[in-house]
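Participant: okay, here's the prediction I keep looking at, along with the sequence it came from:
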Amino acid sequence: MTAPATAPATAASSGTGLTPVFVRLKLSLLRNGLRQSSGRRAAYVASAVVALLFAALQLLGLILLRGNEHAATVSVILVAVLALGWAVMPLFFPSGDETLDPTRLVMLPLRPRPLVRALLVASLVGIGPLFTLCLALGAVIAVADGGAAVAVGVVAVPLTLLVCVALARAVAAANIRLLTSRKGRDLAVLSGLVIAVGAQVVNFGAQRLGSSDAGLGELDPAADVLGWIPPSSALSAVHAAGEARYATAVAQLALSGAALALLLHLWQRSLTRLMTAPDGSTLAAAEPSREGRGGGLFARLPAGRTGPVMERTLRYVWRDPKTKAAWVTSLAIGLIVPLFNALQGTGSVYFACFAAGMLGIQMYNQFGQDTSAFWMVAMTISSARDAYEELRARALALLVITLPYATLVTVLTTALLGEWQALPEALGLSFALLGAMLTTGAWSSARFPYSIPQQGYKNVAPGQAGLAWISILGGMIAAAVLCAPVLALTIWLHVADHGSLSWVLLPVGALYGAAVTAAGLRLAAPRVARRLPEILTAVSKG
């Protein structure tokens with residue numbers, strides 16, 4: 001009676017029949033996920049159509065590139081970029097594939113080696129592997145020349161695919177504790193920032209290539225280096241075989257094979273550790289916190305209501321995923337736009353004001369980040385004076401970050417352009433714009449509050465998108481109008497040929513920004529005190 005029961009267990013532990021089970025599991029997870037809602041099904045179908053269309057166009061483009069002198073350079077770099085995408089994908093989209101979390105299999109009697117083999121085969125099911133296969137196939141067709149190159153390409157295509165998939169799995173297994181924690185959710189929220197920064201880098205590179213006489217030849221040195229880094233080395237081996245450099249082809253192909261073996265070994269070690277080690281997060285949670293309360297920099301904050309409110313606002317910036325994502329995005333884009341334009345030779349010192357504008361947006365919808373917990377803030381506000389102190393403390397917390405950062409961006413932009421004589425007026429305009437944004441942000445927070453959902457990627461609760469657009473766009477237009485006096489003074493100094501007096505704009509802009517901020521806070525405070533129930537209702541819908 002024991003033998004029949006132990007035979008299947010022995011077969012399962014040795015990996016016999018385990019791979020088909022995991023493939024069916026992957027298909028079941030995909031099918032059941034699409035059954036959850038029509039919206040998710042439509043999103044998946046749309047993304048699949050777009051990915052497959054792009055893959056087909058990519059394959060066609062690489063085939064048409066065959067015979068071009070830069071075909072190998074483009075193909076090697078494309079494969080390297082694809083591998084980089086596979087490496088970072090688990091960090092930013094840990095919930096995109098349920099099978100990325102091996103800790104769900106801890107209670108099953110599975111050994112790491114057959115588990116790695118089964119998960120690797122199951123990982124080949126999906127849109128991503130199909131897209132990778134199309135790109136690798138197109139890259140081989142573009143560079144293969146001769147029978148030896150075709151023979152190497154037959155090995156290079158599956159090897160490239162397996163290295164990419166194993167890389168993603170190894171990264172996910174090594175960082176699964178992080179990805180399932182709050183910090184991992186922060187990384188997922190910041191994925192849009194990575195895409196935005198990457199788009200700016202690609203745009204900058206494309207402009208450099210377009211303006212260079214060498215064209216795609218500018219990429220040859222990078223391709224020579226990437227040709228020895230897996231999985232690009234497998235594709236580079238195809239090109240080397242076509243040029244009768246057989247020793248180089250064998251070495252590059254072996255390098256990719258060794259990389260695959262190493263990734264599988266690291267993946268197996270991570271699985272073994274996950275399956276046998278206790279969850280350190282629960283042990284750390286049981287230990288007493290070593291973080292001091294009210295110590296460090298927070299101890300230097302002003303006394304009274306101002307200090308605690310500033311501390312709460314700054315802690316939101318550091319700990320709340322949505323607030324952190326908004327701040328990091330604003331900080332990055334506010335730096336990228338002026339600096340990249342300056343590097344491209346098309347910038348101006350006035351582009352530095354973009355940083356002040358992006359950071360000033362953080363003053364909008366101040367109460368939305370509190371969500372339903374705003375009732376605790378509302379309980380402490382009994383008069384317009386209390387509301388003014390609340391808004392003033394929040395504005396001061398923002399200035400702790402925005403003021404030095406806007407100054408830094410302005411100085412860096414000026415240094416790249418070499419227009420130091422324009423630094424005072426650029427700083428004055430930035431300070432004036434920042435003050436105007438704080439003013440309109442305080443008023444918009446009182447007049448057009450909206451809820452920020454804590455789950456998902458949406459930053460506005462359903463039905464409140466109109467409020468968000470009115471708050472941000474209306475506030476930005478009003479801020480531009482408020483800056484009109486400083487702008488008019490700047491234009492008059494240049495038109496009247498009084499450029500030597502442009503240094504006056506620095507104190508004028510700073511004083512004007514401080515004045516409009518103080519006036520705006522005082523105008524918004526009575527409205528906040530009167531509309532506490534309405535604000536609480538609006539920010540509690542997420």
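Facilitator: Okay, I see it.
Participant: going forward, measure contacts between C-alpha atoms and count neighbours the same way
Facilitator: Noted.
Participant: mind checking how far Asn68 is from Leu482?
Facilitator: 56 Å (C-alpha to C-alpha, to the nearest Å).
Participant: who has more neighbours out of these two?
Facilitator: Leu482 (21 against 11; other C-alpha atoms under 10 Å).
Participant: for the more buried one, give its distance to Leu429.
Facilitator: Taken as C-alpha to C-alpha, the span from Leu482 to Leu429 is 12 Å.
Participant: with Ala356 instead?
Facilitator: 9 Å.
Participant: neighbour-wise, which of these two wins?
Facilitator: Ala356 (30 against 27).
Participant: and the pLDDT at the more buried one?
Facilitator: Note on Ala356: pLDDT of 88.
Participant: and the helix or strand containing it, what does it pack against?
Facilitator: In this structure, Ala356 sits in helix 353-360 according to DSSP states H and E. The contact analysis (3 or more C-alpha pairs under 8 Å, 6 or more residues apart in numbering; DSSP states H and E) places helix 353-360 against helix 321-343, helix 384-417, helix 423-447.
Participant: mind giving me the domain split of this protein?
Facilitator: 34-278, 302-539 (automatic domain parsing).
Participant: and those, which one is worst for confidence?
Facilitator: domain 34-278 has the lowest average pLDDT among the domains of the chain, namely a mean of 80.
Participant: burial check on the closest residue to Thr410 other than its chain neighbours, number of neighbours?
Facilitator: Distances taken as C-alpha to C-alpha, 6 or more residues apart in numbering place Ala352 nearest to Thr410, at 5.0 Å, with adjacent residues excluded. Residue neighbour count, defined by other C-alpha under 10 Å, stands at 30 for Ala352.
Participant: how near is Ala352 to Leu423?
Facilitator: With C-alpha to C-alpha as the criterion, Ala352 and Leu423 are 10 Å apart.
Participant: give me the common contacts of these two.
Facilitator: Each of Thr410 lies in contact with both Ala352 and Leu423 under the rule C-alpha atoms under 8 Å, 6 or more residues apart in numbering.
Participant: state the distance from Val508 to Ile472.
Facilitator: 26 Å.
Participant: tabulate the domains of the chain (CSV), appending distance to Lys26.
Facilitator: Below are the domains of the chain laid out as CSV (distance: least, C-alpha to C-alpha, whole Å):
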stretch, distance to Lys26
domain 34-278, 6
domain 302-539, 23
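Participant: who wins for proximity to Phe22 among the ones you listed?
Facilitator: domain 34-278 (5.9 Å; C-alpha to C-alpha).
Participant: all helices for the stretch 51-200 of the chain, in order.
Facilitator: Counting by DSSP state H, counting those that start in this stretch, the stretch 51-200 of the chain has helices at residues 71-92, 112-123, 127-143, 147-174, 176-179, 182-189, 191-211.
Participant: beyond the last one, next helix or strand please.
Facilitator: This points to helix 191-211. Past helix 191-211, the next helix or strand by DSSP H and E is helix 220-226.
Participant: mind giving me the packing neighbours of that following helix?
Facilitator: Secondary-structure packing of helix 220-226 (3+ C-alpha pairs under 8 Å, 6+ apart): helix 71-92.
Participant: helices or strands next to the helix it packs on in the packing?
Facilitator: Partner elements for helix 71-92 (3+ C-alpha pairs under 8 Å, 6+ apart): helix 127-143, helix 147-174, helix 182-189, helix 220-226, helix 232-242.
Participant: deepest in the core, which of these is it.
Facilitator: The highest mean neighbour count among the helices and strands packed on helix 71-92, using mean count of other C-alpha atoms under 10 Å, belongs to helix 232-242: a mean of 30.
Participant: list the buried ones in the following helix or strand past it?
Facilitator: Using DSSP H and E, the helix or strand that follows helix 232-242 in sequence is helix 246-276. For helix 246-276, burial by neighbour count (16 or more other C-alpha atoms under 10 Å) applies to 246, 248-250, 252-257, 259-260, 262-271, 274-275.
Participant: helix 246-276 to helix 147-174, inter-axis angle?
Facilitator: 20 degrees (axes from the mean of the first three to the mean of the last three C-alpha atoms, to 10 degrees).
Participant: what is helix 246-276 packed up against?
Facilitator: Going by 3+ C-alpha pairs under 8 Å, 6+ apart, helix 246-276 lies up against helix 112-123, helix 147-174, helix 232-242.
Participant: and those as CSV, adding distance to Val328?
Facilitator: Formatted as CSV, the helices and strands packed on helix 246-276 follow (distance: least, C-alpha to C-alpha, whole Å):
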stretch, distance to Val328
helix 112-123, 33
helix 147-174, 24
helix 232-242, 32
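Participant: out of these, which is closest to Arg392?
Facilitator: If we rank the helices and strands packed on helix 246-276 by C-alpha to C-alpha, the stretch that ends up nearest is helix 147-174, at 43.8 Å.
Participant: and whatever helix or strand Val377 lives in, what other elements does it pack with?
Facilitator: Element membership of Val377 [criterion: DSSP H and E] is helix 374-378. Applying 3+ C-alpha pairs under 8 Å, 6+ apart, one finds that helix 374-378 makes contact with helix 532-539.
Participant: put the alpha carbons of the helix it packs on into CSV.
Facilitator: Extracted in CSV, the C-alpha atoms of helix 532-539 (Å, rounded to 0.1, in the frame of the first residue of the first chain):
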residue,chain,number,x,y,z
LEU,A,532,-13.8,71.1,6.7
PRO,A,533,-16.7,68.6,6.3
GLU,A,534,-16.7,69.0,2.5
ILE,A,535,-12.9,68.5,2.3
LEU,A,536,-13.2,65.4,4.5
THR,A,537,-15.9,63.9,2.3
ALA,A,538,-13.9,64.7,-0.9
VAL,A,539,-10.6,63.1,0.3
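Participant: just give me how far that helix sits from the chain centre.
Facilitator: 31 Å (C-alpha atoms, centre = their mean, to the nearest Å).
Participant: repeat that for stretch 147-155.
Facilitator: Worked out by C-alpha atoms, centre = their mean, stretch 147-155 lies 38 Å from the chain centre.
Participant: again with stretch 508-522
Facilitator: 34 Å.
Participant: enumerate the positions of that stretch that are buried.
Facilitator: 508-514, 516-518, 520-522.
Participant: let's have the residues you listed in CSV, adding secondary structure.
Facilitator: Output for the buried residues of stretch 508-522, formatted as CSV (DSSP: H, G, I helix; E, B strand; the rest coil):
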residue, secondary structure
Val508, helix
Gly509, helix
Ala510, helix
Leu511, helix
Tyr512, helix
Gly513, helix
Ala514, helix
Val516, helix
Thr517, helix
Ala518, helix
Gly520, helix
Leu521, helix
Arg522, helix
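Participant: run through the residues that contact the residue nearest to Thr410.
Facilitator: 334, 338, 406, 409-410, 413, 426, 430.
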